[in-house]
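Visitor: Dropping the sequence and predicted coords here.
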Amino acid sequence: MSETRRKLTTIFCADVQDYTRLMGADEEGTLAMLKRHRDAMSRLIGSHGGRVINTWGDGLIAEFPSVVEAVRAAVDVQNELAGLNAARPADGRMLFRIGINLGDVIVEGDDLYGDGVNIAARLQASAPAGGIVISNTVYDQVRNKVAVGFDFLGPLVVKNVTEPVPSYAVRIGEGMESTPQPAAAANRPEAPAATDRPLGTKARRMFGLLALLSAVLVVINLLSWRGVFWAAWPLLAFAVLSAMIWVRRQNHVDRGIAALGVAGLGMIAINLLSWHGIFWAIWPLLGLAAAAAIRWVMRS
């Protein structure tokens, strides 16, 4: 009997959209195409440090020790399979759906069981043809490490799992079909996209505190007016801090470059507030621009 143990791992589930229809139209051609696509998928999974655990029918399950590499493998898989499908008619393309989850699983021999696997399978079932859906545990690990966008889909209900699982669609290209909203989100307001993440409680409190302090400082400055608006300096510091907090909430821009931009605007404001006829801020701006350019090139 195989030893049973538990471990934390990244589960990658994939299957073919409309596989039954494809088989009904051309069994032998569909099986040959499935083999080509699955071979390409297995090769890419291995190149990213993953291993294929099992295959059945049109499905495949793999695991990765790295969450980042699992998402990179999924993106590479969908891009390569899109190339294989490019020359085929629209109704003859074999499009895979992929779901990825990071969770605790039961290991028995070479097989994996448990909620971690079930969640990955449910995410895969909710993905669009040619698309990828990930759990919040995966998103938290990869959101700043993989050069793709994310759209928040809301909580996904998983059988035998007590709490709904927040899920995200991975944006890997303009050609991907529009992402369907999960059933659990059908009767609620549209979920915010990952590019416009709602402010958390701490962020809202911080903004509120900064606004209150700004108002107090302006009142104190006006009540003790001596011809100098000294409150401009702490107000500038608060503005820069607020902008940095906002940048941290964004996913549609490079946060590092955006932070450098905020720093540059802060330098210009300092220069103007302490103006003595010299625009000295040009020098730190040049350095910040060079740093932003280097980051952009490295990111590309």
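Guide: Thanks, I have the structure now.
Visitor: quick one: the host helix or strand of Gly154 to chain centroid distance?
Guide: In the assignment (DSSP states H and E), Gly154 maps to strand 149-156. Relative to the centre of its chain, strand 149-156 is centred 9 Å away, using Cα atoms, centre = their mean, to the nearest Å.
Visitor: For the helix or strand just after it, give the mean pLDDT please.
Guide: Proceeding N to C from strand 149-156, the next assigned helix or strand is strand 165-171, under DSSP H and E. For strand 165-171, the mean per-residue pLDDT is 91.
Visitor: Over to stretch 232-247?
Guide: In this model, stretch 232-247 carries a mean pLDDT of 87.
Visitor: buried residues in that stretch?
Guide: 234-236, 238-240, 242-243, 247 (16 or more other Cβ atoms under 10 Å). Glycine gets a C-beta too; all of them are placed from N, C-alpha and C.
Visitor: Contacts made by that stretch with the rest, please.
Guide: With Cβ atoms under 8 Å, 6 or more residues apart in numbering as the test, stretch 232-247 has contacts from 203, 206-207, 210, 213-214, 217-218, 253, 255, 258-259, 262-263, 265-266, 269-270, 273.
Visitor: and these, which are buried?
Guide: For the contacts of stretch 232-247, buried by 16+ other Cβ under 10 Å: 203, 207, 210, 214, 217, 258-259, 262-263, 265-266, 269-270.
Visitor: Can you pick out the most distant pair from those?
Guide: Using Cβ to Cβ, these span at most 26.6 Å, a distance reached by Leu217 and Ala258.
Visitor: residue ranges for the helices of the chain, please.
Guide: For the chain, the helices defined by DSSP state H occupy 19-25, 27-47, 67-85, 115-126, 136-142, 201-223, 232-248, 255-273, 282-299.
Visitor: looking at those, which is closest to Phe152?
Guide: helix 136-142 (8.6 Å).
Visitor: Show me how far that closest one is from its chain's centre.
Guide: 7 Å.
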